[in-house]
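>>> Dropping a prediction and its sequence here:
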Amino acid sequence: VLPCLYKWASGGAGRLRFADFTLLLYCFWCFVSLCAVHGVSQGLQSGGIQFIETMGPYLLARCYIRSAEDYYRVTRLFYCVILFLMPFAFFEALTGENILLDLMRHMLTTHPNLHDTRWGLRRVQSVVEHPILFGVICGAMLGPVYCVLGYAKTAPKRYAKAAVIATTTFLSMSSGPISGLFAQIVLIA
């Protein structure tokens, strides 16, 4: 966050815009609200993480996704990550074993491995904290993958890439991300 904040403030991300300041004001307002409701100590902690989680991705995109080619490359990177996670997600759904999280546990401190099941399958958590988050992360890429990576491609190629995203999202077996998938499909249609 700090390098991006510096780059943005020094003009390295183009001229400062109204939207930049409204997002900063939003983060400040959240901090003030959290302090008023929960006290300064809790407000600093929660407001700080809220700033990192809100301004961090915004500034990362604002500083480093500066062209259509940049956006295409980022979309392709996310697609490749989901494509990489897909076989591990199938394995986890069918066997209940989270290979990637277990591997990372040998090197780092990780979050607990959840064992929720639905329809006789394990809800895929993969490398994130909860199956809902896994579904949201994967599902958010359906529209960009279909529209950006599928641009000027044949229908079977567009549908195949979208099917990878939809299938991986579905393995989270979470109603929120699956609803988001259907909303994107309706908008695309």
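That came through fine.
>>> and stretch 18-25, which residues are buried?
20, 23-24 (16 or more other Cβ atoms under 10 Å). Backbone N, C-alpha and C define where each C-beta goes, glycine included.
>>> so how far is it off the chain centroid?
22 Å (Cα atoms, centre = their mean, to the nearest Å).
>>> do stretch 165-184 as well
Averaging C-alpha coordinates over stretch 165-184 and over its chain gives two centres that are 13 Å apart (Cα atoms, centre = their mean).
>>> and the end-to-end length of it?
Start to finish, the residues bounding stretch 165-184 are 12 Å apart (Cα to Cα, to the nearest Å).
>>> Going by neighbour count, list what's buried in it.
Applying 16+ other Cβ under 10 Å to stretch 165-184 flags 165-166, 168-174, 177-178, 180-181, 184 as buried.
>>> now stretch 76-88
Neighbour-count burial for stretch 76-88 flags 78-79, 82, 85-86, 88 (criterion: 16+ other Cβ under 10 Å).
>>> For it, which outside residues touch it?
Stretch 76-88 is contacted by residues 98-100, 126-127, 138, 141, 144-145, 149, 161, 164-165, 167-168 when judged by Cβ atoms under 8 Å, 6 or more residues apart in numbering.
>>> Equivalent analysis for stretch 170-181, please.
Contacts of stretch 170-181 (Cβ under 8 Å, 6+ apart): 89-90, 92-93, 118-119, 121, 123-124, 131-132, 134-136, 138-140, 142, 166, 169.
>>> on that earlier part again, make a markdown table out of the buried residues of stretch 165-184 and add secondary structure.
Shown next, in a markdown table, are the buried residues of stretch 165-184 (DSSP: H, G, I helix; E, B strand; the rest coil):
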| residue | secondary structure |
| --- | --- |
| 165 | helix |
| 166 | helix |
| 168 | helix |
| 169 | helix |
| 170 | helix |
| 171 | coil |
| 172 | coil |
| 173 | coil |
| 174 | coil |
| 177 | helix |
| 178 | helix |
| 180 | helix |
| 181 | helix |
| 184 | helix |
